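Q: Just a sequence and a predicted model for now, questions to come.
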Amino acid sequence: MAEKGVAGVWRKIRAIYNIQGNQCKTCGNYYFPPRLVCPTCRRKGQLEIHKFKGLGKIYSFAIVRQAPDHFKRQMPYVIAQVELDEGPRLTAQIVNVDVDKVEIGMRVRACFRKISEQGHEGIIVYGYKFEPTMEVTGHD
Amino acid sequence: MVGIIGYGVYIPRYRIKTEEIARVWGEPGEKLAKGLGVFEKSVPGPDEDVATISVEAARNAVKYARIDPKDIGAIYVGSESHPYAVKPTGTIVAEAIECTSEMTCADFEFACKAGTAAIQTCMGLVSSDMIKIGLAIGSDTAQGRPGDALEYSAAAGGVAILVGKGKPVATIETTVSFTTDTPDFWRREGEDFPSHGARFTGEPAYFRHVGAAANLLFRKTGTTVDDWDYFVFHMPNGKFPLAMGRQLKVPNEKLEDSLVVRQIGNTYSGSAMMGLARILDIAEPGSKIFMVSYGSGAGSDAFAITVEDEITKHRGEVPTVDDYIARKTYVEYATYAKYRRKIKALG
């Protein structure tokens, strides 16, 4: 059966697997998701691909207790605004954490997880989520 | 000489105790845990599968080895729980670790030894200079039918091993294999859970193949038990590798350090490789490691490995097996059933 939406997922793979955005060489600003034009410099902007380190801290968060059907298995779960070390903020799920332990300012790192499945027969979408860094060497 | 230039592991955070599974099925938990030698097992989160576990392990391996992933010429992922029946897990891993597209890739399946078969394939490709570096992964989110004996041990985890020349952290001196048609454990196409031959999985299957491959390796290397510092045998439970050790007259202290099965269960394609990774985390340079994997169906791959001085320069780059074992949160059976999709009404 032909599936809809496959091309849309495929186009974003680079960005969502590795938090790949861009940086404007003119003003130095970082962007995620990647942009076509630097909103600050406009036509003077020089955008280059930038892979973010995937490290940051929780800027703000919410605990989801009423979820769409395909996220019910994960309830309750945390959706946060993560501020990356390079500056940009992005929205992501926080995993490997007890929901009552999450706090603003918590140090997190990107991990690779299943984001959604297009039904039993469709494609599986993978991408970034974030987890607290372990207090051991080599986890940040 | 060809060797391991880097390795990385990943073990999911959730654990369920053997006693908790036994409580649900009305079995004597404490006695079962002691008998099996499995006290708790790892459980993947609801958004984890072999692709995510493989990627986490592979990213650790690349970081540990400090290589450019564009130098990887082959990726083979061994598993019996690939998320797709058709679409290789390795393609997802390759993209997620930013390999070049100019490489070869395939998924392997040989029950619990698909990962070591991948190591052997990479050894061949590296030795013949067809590729510079090969990535071999053994990773599983093993299935156990609710109430079946396998449910106590079927766990999740993955190990990624980068095979190359140059300055290996451990040299793979040689490898041998022993393979027969022995139907001890199988899963038919489209079935959710595997079936097994109960007691038949012991003597004619595990012990025959691991024993034969071990003896082949002793013969090929002209060594005896005394020449080795560590032994790693595939760990379907905590009992079989110890019994294998007794048959081969391996002292317990040479085997104990690899027995991660007690805390995380059988990670199937990652099982023997996880034991090896634990040894590589702690072994002194110069140590000799004797590893034998086992895959039902059935076959064993045996490896002679020497730890090199280079290993001391890479330790601390990534979390160790023990770090991942220590990071844990217990779940009760109901949560485990929900996460593992054993509740069919949820889809």
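A: Nice, thanks for sending it over.
Q: and the helix or strand hosting B:Gly73, C-alpha only, in CSV?
A: If you go by DSSP states H and E, B:Gly73 is part of strand B:72-78. Extracted in CSV, the C-alpha atoms of strand B:72-78 (Å, rounded to 0.1, in the frame of the first residue of the first chain):
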residue,chain,number,x,y,z
ILE,B,72,33.3,3.3,8.2
GLY,B,73,32.9,1.2,5.1
ALA,B,74,30.4,-1.4,6.3
ILE,B,75,27.7,-1.6,8.9
TYR,B,76,26.1,-4.9,10.0
VAL,B,77,23.5,-5.0,12.6
GLY,B,78,22.8,-8.4,14.2
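Q: can you list contacts of it?
A: B:50, B:54, B:88-90, B:93-94, B:97, B:99-100, B:103-110, B:113-118, B:121-122, B:125, B:130-139, B:162, B:269 (CB atoms under 8 Å, 6 or more residues apart in numbering or on different chains). The C-beta positions use only the backbone N, C-alpha and C, and glycine is treated the same way.
Q: The following helix or strand past it packs against which elements?
A: Past strand B:72-78, further along toward the C-terminus, the next helix or strand under DSSP H and E is helix B:89-96. Applying 3 or more CB pairs under 8 Å, 6 or more residues apart in numbering or on different chains; DSSP states H and E, one finds that helix B:89-96 contacts helix A:6-18, helix B:50-65, strand B:72-78, strand B:104-108, strand B:133-141.
Q: Following the record's annotation, map out the domains of chain A.
A: Domain assignment of chain A by automatic domain parsing yields the ranges A:1-51, A:53-140.
Q: no wait, chain B
A: B:3-169+B:313-339, B:171-311.
Q: Dump those into CSV; add mean neighbour count and mean pLDDT as well.
A: Shown next, in CSV, are the domains of chain B (neighbours: other CB atoms under 10 Å in any protein chain shown; pLDDT from 0 to 100):
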stretch, mean neighbour count, mean pLDDT
domain B:3-169+B:313-339, 22, 97
domain B:171-311, 20, 96
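Q: Distance to A:Lys25 added to those domains, as TSV?
A: Output for those, formatted as TSV (distance: least, CB to CB, whole Å):
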stretch	distance to A:Lys25
domain B:3-169+B:313-339	21
domain B:171-311	38
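Q: re earlier: please work out which of the domains of chain A is packed deepest.
A: Of all those, domain A:53-140 has the most neighbours on average by mean count of other CB atoms under 10 Å in any protein chain shown, namely a mean of 16.
Q: when you scan it, is anything in it near chain B?
A: Yes. Applying CB under 8 Å from any CB of the partner chain, one finds domain A:53-140 touching chain B at A:72-74, A:93, A:95-96, A:98, A:111-115, A:120, A:124, A:126, A:129, A:134, A:136-139.
Q: show me what contacts B:Tyr206?
A: B:Tyr206 sits next to B:184, B:234, B:236, B:240, B:244, B:294 when contact means CB under 8 Å, 6+ apart.
Q: Looking at those, which are in helices?
A: Under the assignment DSSP state H, these contribute B:240, B:244 to helices.
Q: Max pairwise distance over the contacts of B:Tyr206: which two?
A: Across the contacts of B:Tyr206, no pair lies farther apart than B:Asp184 and B:Met244, at 15.1 Å, counting by CB to CB.
Q: A:Glu131 pairs with what?
A: A:Arg109 (DSSP bridges).
Q: Now for the nearest residue to B:Val163 once chain neighbours are set aside: which residues touch it?
A: Sequence neighbours aside, B:Cys122 is the residue nearest to B:Val163 in space, at 3.9 Å (criterion: CB to CB, 6 or more residues apart in numbering or on different chains). Contact analysis of B:Cys122 by CB under 8 Å, 6+ apart lists B:74, B:76, B:131, B:134-136, B:161, B:163.
Q: what do you get for B:Arg262?
A: Applying CB under 8 Å, 6+ apart to B:Arg262 gives the contacts B:37-39, B:238.
Q: what's the strand or helix carrying A:Val82 in contact with?
A: Using DSSP H and E, A:Val82 sits within strand A:77-84. Outside strand A:77-84, the residues that touch it by CB under 8 Å, 6+ apart are A:19, A:30, A:32, A:52-64, A:67, A:71, A:89-95, A:97, A:99, A:102, A:108, A:130.
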